[in-house]
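In: Let's see this in three dimensions:
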Amino acid sequence: MAPPGPSAGVRLLLLRRLLSTGTEAAAGAAAAPTAAATATATAAKAGNKGDSLALYRRLVALGRSGEGSVSRALSKWVRQGGALPVQDLVEHVKELRKYKRYGHALELMDWMVNARGTTMSHANHAIQLDLIYKVRGIEAAEAYFADLPDPAKNHRTYGALLNCYCSAKMEEKATDLYNKMVELGICSSELLFSNLMSIYMKLGRHGKVDSLFEEMKVVKNVKPSNMTCRILMTSYAQSNKIDAIEELLKEMAEKDVALGWSAYSTLASIYINAGLVEKAESALKKLEGLVGPDDGMLPFDFLISLYASVGNLSEVNRVWDVIKAKFSKVTKRSYLGMLQALYKLNDIDGMKQIYVDWESNYKFYYVRLTNMMIRGHLKLDLTEEAEALWEKAKEKGTKFDSKTCELFLDHYMGKGGMNLALNWLENMIKLPNKAGKLDQDKIHKFQKYFEEHKDADGAERFCNCLRKLGCFDGKAYESLLRTYLAAGKESYSLRQRIKNDKIGICYDIWELLNRIGDKG
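Out: As a prediction, this is how the structure comes out:
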């Protein structure tokens with residue numbers, strides 16, 4: 001998801017940095033600052049902050065644009081005289097990474113090194129290694145690590161590479177690297193154990209998770225954290241050990257491990273999956289009580305989703321009211337989460353109210369929100385209202401995505417409106433990535449419909465879609481020929497088209513061609 005803007009934490013960091021810069025400048029002055037000097041310093045601080053936020057907005061506005069877009073944006077910024085403090089750029093990297101804009105974050109770091117000659121700190125090397133893995137793969141990450149100078153190969157970069165191996169489920173390499181870290185005496189971090197526990201949990205080796213937890217506590221004397229607890233709870237849940245989860249919570253309390261709201265989110269989710277609704281709601285109350293002033297909307301988004309999962313509409317609405325009262329501007333993500341919750345609870349009227357509220361607060365349409373509303377209307381067979389929603393969004397400049405096409409395509413196919421479904425399939429192939437391939441059941445349903453309705457023109461349109469989607473073959477031609485035959489329609493070009501498409505003319509195709517009179 002494209003980030004809505006700098007988080008409160010980032011804005012605070014920027015402000016603190018600007019204030020400290022002003023203080024240092026004042027301390028270095030030869031004389032006491034005059035009123036004019038103070039005014040100039042204040043204006044400079046405001047200007048720097050504005051520059052940083054303006055640059056961040058430019059980076060966010062790049063959306064899903066490809067490689068090179070960040071470099072061009074930064075070069076243009078420099079030509080226009082914009083300031084580029086290294087720390088601000090690093091904060092922008094962290095924000096882009098936070099919102100999974102990994103390609104843009106990596107390009108920004110590459111630009112810092114290659115275009116500006118920035119010397120990366122060890123912590124930034126670790127961030128870049130992680131981004132390289134996410135964008136270019138594990139081999140590229142290994143090569144980057146190998147090329148680092150020896151001083152940069154410390155607990156941070158070793159830990160980042162270990163995390164890459166764990167994410168890729170490369171157990172042997174993860175274990176070997178961990179043993180190397182033991183030799184170097186840099187394996188005392190709780191994060192390292194959490195990463196290793198995570199890989200074994202993903203591999204279903206829950207006994208290994210338990211043994212690592214014991215090693216962490218007893219051998220390495222590392223205090224568990226909120227993350228450790230979440231991994232252990234998930235591992236126990238996968239082994240159907242609900243009692244072990246409750247024993248773990250007691251142990252954490254005895255060890256004074258401060259569990260955060262995310263741990264109780266995990267716990268509530270586990271209880272919900274186990275059908276323990278009362279325990280889930282108790283965990284959600286604890287979750288809400290642990291939300292701090294700097295946590296933003298995310299905990300409340302989880303609350304809404306989890307309360308919807310237990311079917312508690314009144315709590316969903318209450319938490320939404322908390323969000324509206326607590327925050328001056330609600331994010332698109334929170335609006336989307338609320339719509340998803342109300343959809344799950346079959347509250348279409350509530351969805352309409354939320355959507356209207358969002359429309360009144362945002363200038364531009366967000367296709368995921370519109371798709372969610374379309375989905376809610378189609379679920380209740382409110383086809384005309386769903387179409388009207390889309391037309392209104394389109395008038396505002398919104399472009400459909402693969403999900404929009406999929407929603408209408410599936411709906412019309414389910415209702416037997418194959419020509420309307422075909423219209424949305426044709427919309428789908430206009431998308432840059434062609435939205436993937438149709439499954440065989442849908443292909444067969446289209447082909448059967450056109451054959452039964454003797455609709456050669458529709459069949460031709462459908463075949464054109466298959467061709468553009470890259471799933472056009474001899475079977476598709478056979479269906480097209482059967483449709484021509486059923487419609488009593490002759491063709492004098494199909495044989496040549498089959499050759500042009502490099503499809504072998506088997507006996508069935510040859511016979512059909514002869515029956516429709518194509519001697520080509």
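
In: Tell me if I'm right that Cys237 and Ile272 touch.
Out: Small correction: residue 237 is Ala, not Cys. No. Using CB atoms under 8 Å, Ala237 makes no contact with Ile272, being 10.7 Å away. Yep, even glycine has a C-beta here, placed from its N, CA and C like the rest.

In: Which stretches in the stretch 151-300 of the chain count as helices?
Out: Assigned by DSSP state H, counting those that start in this stretch, the stretch 151-300 of the chain shows helices spanning 155-167, 171-184, 190-202, 206-214, 226-238, 242-254, 261-273, 277-289, 298-309.

In: now what about the fifth one, what contacts it?
Out: When contacts are taken as CB atoms under 8 Å, 6 or more residues apart in numbering, the neighbours of helix 226-238 outside the stretch itself are 190-191, 193-194, 197-198, 200-201, 204, 206, 209-210, 213, 216, 242, 244-245, 248-249, 252, 257-260, 262-263, 266-267, 270, 273-274.

In: redo that, cut-off 7 Å
Out: 190, 193-194, 197-198, 201, 206, 209, 213, 244-245, 248, 252, 257, 259-260, 262-263, 266-267, 270 (CB atoms under 7 Å, 6 or more residues apart in numbering).

In: Then the shortest one?
Out: Under the criterion CB under 7 Å, 6+ apart, residues Phe193, Leu196, Met197, Tyr200, Met201, Leu232, Ser235, Gln238, Ser239 lie in contact with helix 206-214.

In: Please tabulate those in TSV, including the columns neighbour count and distance to Ala174.
Out: Listed next are the contacts of helix 206-214 as TSV, based on neighbours: other CB atoms under 10 Å; distance: CB to CB, whole Å:
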residue	neighbour count	distance to Ala174
Phe193	24	12
Leu196	26	6
Met197	25	11
Tyr200	23	9
Met201	21	13
Leu232	25	18
Ser235	26	16
Gln238	14	19
Ser239	15	21
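
In: Specify which member of those residues is nearest to Lys448.
Out: Nearest to Lys448 among these: Gln238, at 42.5 Å, using CB to CB.

In: Looking at that closest one now. What's its pLDDT?
Out: On the pLDDT scale, Gln238 is placed at 93.

In: Ok, Tyr362 next?
Out: Tyr362 is given a pLDDT of 85.

In: Please report how far it lies from Thr398.
Out: As for Tyr362, its distance to Thr398 is 11 Å (criterion: CB to CB, to the nearest Å).

In: The two: which is more packed in?
Out: Counted by other CB atoms under 10 Å, Tyr362 and Thr398 do not tie: Thr398 has more neighbours, with 18 against 14.

In: quick one, what contacts the residue nearest to that one when sequence neighbours are not counted?
Out: Nearest residue to Thr398, sequence neighbours excluded (CB to CB, 6 or more residues apart in numbering): Tyr365, at 4.0 Å. Shown in contact with Tyr365 (CB under 7 Å, 6+ apart): Ala393, Lys396, Thr398.

In: Same check on Ile429?
Out: By CB under 7 Å, 6+ apart, the neighbours of Ile429 are Cys465, Lys468, Leu469.

In: what about the residue nearest to Arg136 when sequence neighbours are not counted, how many neighbours?
Out: In space, and not counting its chain neighbours, Arg136 is closest to Leu106: 8.0 Å by CB to CB, 6+ apart. Close neighbours of Leu106, defined as other CB under 10 Å, add up to 24.

In: Repeat that for Lys76.
Out: 11.

In: give me the element it is part of.
Out: In the assignment (DSSP states H and E), Lys76 maps to helix 69-79.

In: Could you chop this structure up by domain?
Out: 1-27+38-119, 260-362 (automatic domain parsing).

In: mind giving me a markdown table with those and columns for distance to Tyr507?
Out: Putting the domains of the chain into a markdown table (distance: least, CB to CB, whole Å) gives the following:
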| stretch | distance to Tyr507 |
| --- | --- |
| domain 1-27+38-119 | 47 |
| domain 260-362 | 51 |
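
In: Name the stretch from those domains where average model confidence is lowest.
Out: Of all the domains of the chain, domain 1-27+38-119 has the smallest average pLDDT, which comes to a mean of 68.

In: number of nearby residues for the residue nearest to Phe302 when sequence neighbours are not counted?
Out: Computed as CB to CB, 6+ apart, the closest residue to Phe302 that is not its neighbour in sequence is Ser265, at 4.7 Å. By other CB under 10 Å, 23 other residues sit near Ser265.

In: again with Glu406
Out: 18.

In: Where does it fall, secondary structure wise?
Out: Going by DSSP H and E, Glu406 is in helix 402-414.

In: Could you look up the next helix or strand downstream of that helix?
Out: In N-to-C order, the element after helix 402-414 by DSSP H and E is helix 418-428.

In: for the helix or strand just after that next one, packing partners?
Out: Sequence-wise, the next helix or strand downstream of helix 418-428 (DSSP H and E) is helix 440-452. When contacts are defined as 3 or more CB pairs under 7 Å, 6 or more residues apart in numbering; DSSP states H and E, helix 440-452 packs onto helix 456-469, helix 474-486.

In: Let me have the ones you listed in a markdown table, adding mean pLDDT, mean neighbour count and distance to Glu511 as columns.
Out: Formatted as a markdown table, these follow (pLDDT from 0 to 100; neighbours: other CB atoms under 10 Å; distance: least, CB to CB, whole Å):
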| stretch | mean pLDDT | mean neighbour count | distance to Glu511 |
| --- | --- | --- | --- |
| helix 456-469 | 92 | 18 | 18 |
| helix 474-486 | 89 | 21 | 9 |
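
In: would JSON lines of those helices with distance to Glu406 be doable?
Out: Putting the helices and strands packed on helix 440-452 into JSON lines (distance: least, CB to CB, whole Å) gives the following:
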{"stretch": "helix 456-469", "distance to Glu406": "13"}
{"stretch": "helix 474-486", "distance to Glu406": "21"}
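
In: and Cys166, which of the ones you listed is closest to it?
Out: Comparing the helices and strands packed on helix 440-452 by CB to CB, helix 456-469 comes nearest, at 36.4 Å.

In: For the closest one, which outside residues touch it?
Out: Outside helix 456-469, the residues touching it (CB under 7 Å, 6+ apart) are 419, 422, 425-426, 429, 434, 437-438, 446, 450, 472, 476, 480, 483-484, 487, 489.

In: Can you select the buried ones among these for me in PyMOL?
Out: Of the contacts of helix 456-469, the buried ones go into a single PyMOL selection, burial set by 16 or more other CB atoms under 10 Å:
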select buried, resi 422+425+438+446+450+472+476+480+483+484+487
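
In: To Asp508, which of the helices and strands packed on helix 440-452 lies closest?
Out: helix 474-486 (5.8 Å).

In: Determine how far that closest one lies from the middle of the whole chain.
Out: The chain centroid and the centroid of helix 474-486 are separated by 41 Å under CA atoms, centre = their mean, to the nearest Å.

In: now the helix or strand following that helix, how far from the centre of its chain.
Out: Using DSSP H and E, the next helix or strand after helix 474-486 towards the C-terminus is helix 494-500. For helix 494-500, the distance from its own C-alpha centre to the chain's C-alpha centre is 43 Å (CA atoms, centre = their mean).
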